[in-house]
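Engineer: my questions concern the predicted model and sequence given below.
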Amino acid sequence: MTDSEQAEQVNYATTALTLLILITRIGLWPFRRERVDASFVLVITSILIVIARIVTNVYYLRFGTASDVIKHADYFNADNLDGIKTGSILVLAARVLITAVLWLQVCILLLFYSRITYGINWVAVVVKVTSRHRRATVSTPTRSSSRRRSAT
């Protein structure tokens, strides 16, 4: 098995795991007895984009890309030029799709954090602790800073 075949199998396995998690979340939604909110829409959008990425991956692996031409010069000929162009465009589309999925997952996570921290004034606590720590470290001079002052 070549490295590219292993990478392809790992890609499909992680994509299947992603779909499993997202579909499970949608499947458990009625049991949570919550109304449809932004995270529900983001999960549905993520599922659609992950499926689009799977389709894109299948076709760009079938057509080949410019990277294949660079690695294997004998692969390139006039007959498969259109396929290579299409495959290279699909690689760019797949990268845009995976970036979109990652950003959607970040948005879902931030919505989750905002729900679990609702009503907790944790930002004020963090600011107070940080400012006290900063004042404590700034107000106590170190030996090196006192040497610098005496040298000037």
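Structural biologist: Arrived safely. If you're wondering where the values come from, they're calculated on a predicted model, not measured in any experiment. Numbers count the residues shown, from 1 in each chain.

Engineer: quick one: contacts for residue 52?
Structural biologist: Neighbouring residues of residue 52 by C-beta atoms under 8 Å, 6 or more residues apart in numbering: residue 97. To be clear about C-beta, it is placed using only N, CA and C from the backbone, and glycine gets the same treatment.

Engineer: what strand or helix carries it?
Structural biologist: Using DSSP states H and E, residue 52 sits within helix 38-63.

Engineer: got it, and residue 16?
Structural biologist: Going by DSSP H and E, residue 16 is in helix 3-27.

Engineer: what lies in contact with whichever helix or strand comes after that helix?
Structural biologist: Going down the chain from helix 3-27, the next helix or strand is helix 29-32, by DSSP H and E. Helix 29-32 has contacts (C-beta under 8 Å, 6+ apart) with 36, 40.

Engineer: in helix 29-32, what's buried?
Structural biologist: The neighbour-count criterion (16 or more other C-beta atoms under 10 Å) identifies no buried residues in helix 29-32.

Engineer: which elements pack onto the biggest helix by length in the chain?
Structural biologist: Criterion DSSP state H: the longest helix present in the chain is helix 81-116. In this structure, helix 81-116 packs against helix 38-63, helix 66-71, with contacts taken as 3 or more C-beta pairs under 8 Å, 6 or more residues apart in numbering; DSSP states H and E.

Engineer: which strands and helices sit next to the helix holding residue 16?
Structural biologist: Using 3+ C-beta pairs under 8 Å, 6+ apart: helix 3-27 touches helix 38-63.

Engineer: cool, thanks, talk later.
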